[in-house]
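Peer 1: Give me a model of this one.
(one chain, ligands or ions: 1)
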Amino acid sequence: MADSVDLGKCFEIINNLTTEAGRLIARNNETRQEFVCKSGDIDLVTQTDQDVEKLIMNGIRQHFPDHKFIGEEESSTGNGVNKLTDAPTWIIDPVDGTMNFVHAFPHSCISVGLKVNKVTEIGIIYNPMLEQRFTARRGQGAYYNGRRIQASGQREIGKALVVSEFGTTRDEQKLQLVNENFAKMARKVHGLRALGSAALNMAMVALGAADVNYEFGIHAWDVCAGDLIVREAGGVVIDPAGGEFDIMSRRVLAAATPELAQDIAKELTQYYPQPRDD
Ligand code: LIP
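Peer 2: From the prediction side, this is the model:
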């Protein structure tokens, strides 16, 4: 089916839509934003999240009426996460890093991936406040504002800059896990950062700025674009226990090299978030 999808046109359209939606996000990021809570008191949604998701979905529908969607905000209402099929499916996080956005901290992004036959063909991560656009098409490399990028090549855990997150839940068991892993990492790695956007964390691995990103509790829309962008930049994306990455598992580990990915996997205390995205 990939042959019957005009991926060049898809790429052009999503680039344009993210630019348009990015203007809205950047304008609204100038002041702190009102929000409502979703699954808990630190899982937030704003009017902008909803407006951007609609803008992107409607824009895609105009050109590709048969395409399907898995959108963060649509998934949190009604029927939950749509099932991933072989049909061309856009996986969308309209504002990844909503907590940052609510606080006018200029580090959030739009993250969009396109899957055809369940294979990711296009990935875009765009922070409109800082004009950072990460893009990839399968087999064609990864780019930062149009410049080809490469993961760092770092193999040594002791020299690795690691990014991870506290996540969007105060569940006691999850918080203990996060803190346990942070403590383990702090003893072993070069540096540890938590910047508040799962998608931008992956983009930093692709850029060669960070060497590792792991997180338990992410969703498909947080990592779909990042998975492709990291791999196209020569990095690896695996399950945090060391096996194959499963986009619906709510678990991710991205790294500059396979050796580093496996070393980090061995260190991590594992956590299997429920429910999965499928
Ligand atoms: C969130 C990320 C956050 C991460 C969460 C979640 P949202 O996305 O930005 O950094 O820890 O797992 O993915 O809710 O802001 O789109």
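Peer 1: Kindly report the residues of the stretch 1-150 of the chain close to the ligand.
Peer 2: 72, 93, 96-98 (Cβ under 6 Å from any ligand atom). To be clear about C-beta, it is placed using only N, CA and C from the backbone, and glycine gets the same treatment.
Peer 1: and whatever residue of the stretch 101-250 of the chain ends up closest to the ligand, how many residues sit next to it?
Peer 2: With Cβ to the nearest ligand atom, the shortest gap between the stretch 101-250 of the chain and the ligand falls at residue 165, namely 3.2 Å. If you count neighbours by other Cβ atoms under 10 Å, residue 165 ends up with 22.
Peer 1: Wait, it touches residue 198, no?
Peer 2: Yes. Judged on Cβ atoms under 8 Å, residue 165 makes contact with residue 198 at a distance of 6.3 Å.
Peer 1: who touches both of those two?
Peer 2: residue 215 (Cβ atoms under 8 Å, 6 or more residues apart in numbering).
Peer 1: returning to what we had before: and the residue of the stretch 101-250 of the chain closest to the ligand, backbone torsions?
Peer 2: phi -140, psi 160 (degrees, to the nearest 10).
Peer 1: ok, it - contacts?
Peer 2: 178, 194, 196, 198, 201, 215.
Peer 1: give the contact list for the residue in the stretch 1-150 of the chain that the ligand sits nearest to.
Peer 2: Residue of the stretch 1-150 of the chain nearest the ligand, by Cβ to the nearest ligand atom: residue 98 (3.6 Å). Residues in contact with residue 98 (Cβ under 8 Å, 6+ apart) are 35, 44-46, 49, 108.
Peer 1: would TSV of those residues with neighbour count be doable?
Peer 2: Shown next, in TSV, are these (neighbours: other Cβ atoms under 10 Å):
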residue	neighbour count
35	18
44	19
45	20
46	20
49	26
108	30
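Peer 1: Take the residues you listed and keep only those in strands.
Peer 2: 44-45 (DSSP state E).
Peer 1: Which member of the contacts of residue 98 is positioned nearest residue 222?
Peer 2: Closest to residue 222 out of those is residue 108 (11.7 Å), distances taken as Cβ to Cβ.
Peer 1: Check the nearest residue to residue 143 once chain neighbours are set aside and give its pLDDT.
Peer 2: Closest residue in space to residue 143, ignoring its immediate chain neighbours: residue 135 at 4.9 Å, by Cβ to Cβ, 6 or more residues apart in numbering. At residue 135, the model reports a pLDDT of 98.
Peer 1: thinking again about what came up before, which two among the residues of the stretch 1-150 of the chain next to the ligand are spaced furthest apart?
Peer 2: Across those (Cβ to Cβ), the longest gap, 11.7 Å, separates 72 and 97.
Peer 1: Helices of the stretch 1-150 of the chain, residue ranges please.
Peer 2: Here the stretch 1-150 of the chain has its helices, by DSSP state H, counting those that start in this stretch, at 7-28, 47-63, 72-75, 98-102.
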